[in-house]
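**Student:** with the sequence up front, the predicted model follows.
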Amino acid sequence: MAAADFSDDFESFSPGDDISSSPSWDKAPVGGDAVVIEQSGNNCVNAVFSDSSFIGYVCTAAGIWKNGSVAMDFSPSGAGSFSNVYARLNPVSSDAYAAGLTVFMGTLTYQYIAYIKSEGNYEVLYSGMGPQISPGEWANVKLQVEGADPVTLTLYINGEQAAQAVDTNYLLQEGICGFALYYEGDEPSILMDNFEVIANPLSLAETSFGALKAMFR
Ligand SMILES: [Ca+2]
């Protein structure tokens, strides 16, 4: 699996399809389903929690990459829902970096960057107030991951930089990406659309510093 840019607006699916019917997507062995629905002529993905409060998908089409960004549009409603994109998931340990939104009351959200540990624990590397999201509204969540030691994690909400966290502890080096959903309390409604991965062979910083070093040789 080589790194590759990849995007999916889910328009190639038919309503009712589980997105894992496409070779671009793989479903976590446990958890609910991501099922395509049509809304006013646009295909999006509905979270179907069936018998689990967790849904996780890996984007196999994007392969394994180190530096780049992963983004997705989420339309969550219902307190206690967590909508995440993740990157550098280690296929062996299942540890990963994640960024997302949780709805905690009405339209109020928290936004966060976290390190997800394979045991199901996590460490929040950043959290703060997120955008207000009314039912039916969408928010674009993008996680950019750059560097080796430290690893710089930047959260973009609706295209604007919202927060940055620097990990000097876990230092995940590369991995696969995807999205994951979770809820506590009542079952929420979460819609998704426009998953996008931009995997850079070299980060902007590495490229720039490389060019600078070359100038001073
Ligand atoms: Ca779409």
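**Tutor:** Thanks, I have the structure now. Remember, it's a predicted structure, so these values are computed and weren't measured experimentally.
**Student:** neighbours around the closest residue to the ion within the chain, how many?
**Tutor:** Going by Cβ to the ion, the ion is nearest to Asp9 of the chain, at 4.0 Å. Any C-beta I mention is one placed from the backbone N, CA and C, and that applies to glycine too. For Asp9, the neighbour count with other Cβ atoms under 10 Å is 14.
**Student:** thought Asn194 was touching it, still the case?
**Tutor:** Yes. Counting by Cβ atoms under 8 Å, Asn194 is a contact partner of Asp9 at 5.5 Å.
**Student:** show me the helices in this structure, by range?
**Tutor:** 204-215 (DSSP state H).
**Student:** pick out the residue closest to the middle of it.
**Tutor:** The centroid of the chain falls nearest to Val85 when counting by Cα atoms, centre = their mean (0.9 Å).
**Student:** nearest residue to it other than its sequence neighbours?
**Tutor:** In this structure, Val85 finds its nearest non-sequential neighbour in Val70, 4.7 Å apart by Cβ to Cβ, 6 or more residues apart in numbering.
**Student:** doesn't Ile176 make contact with the one you found?
**Tutor:** No. Contact criterion Cβ under 8 Å: Val70 and Ile176 do not qualify, at 9.9 Å.
**Student:** okay, those two: which has more neighbours?
**Tutor:** Val70 (29 against 22).
**Student:** tell me how far the more buried one lies from Lys27.
**Tutor:** The gap separating Val70 from Lys27 is 17 Å, by Cβ to Cβ, to the nearest Å.
**Student:** same check on Tyr86?
**Tutor:** 14 Å.
**Student:** which one of those two is surrounded by more residues?
**Tutor:** Tyr86 (26 against 18).
**Student:** residues touching the more buried one, list them.
**Tutor:** By Cβ atoms under 8 Å, 6 or more residues apart in numbering, the residues touching Tyr86 are Val70, Ala96, Tyr97, Ala98, Ala99, Ile116, Leu143, Cys177, Gly178, Phe179, Ala180.
**Student:** mind listing what Asp186 touches?
**Tutor:** Contacts of Asp186 by Cβ under 8 Å, 6+ apart are Gly78, Ala79, Gly80.
**Student:** my guess is the second one contacts Phe104, does it?
**Tutor:** Meaning Ala79. Yes. Between Ala79 and Phe104 there is a contact at 6.0 Å, judged by Cβ under 8 Å.
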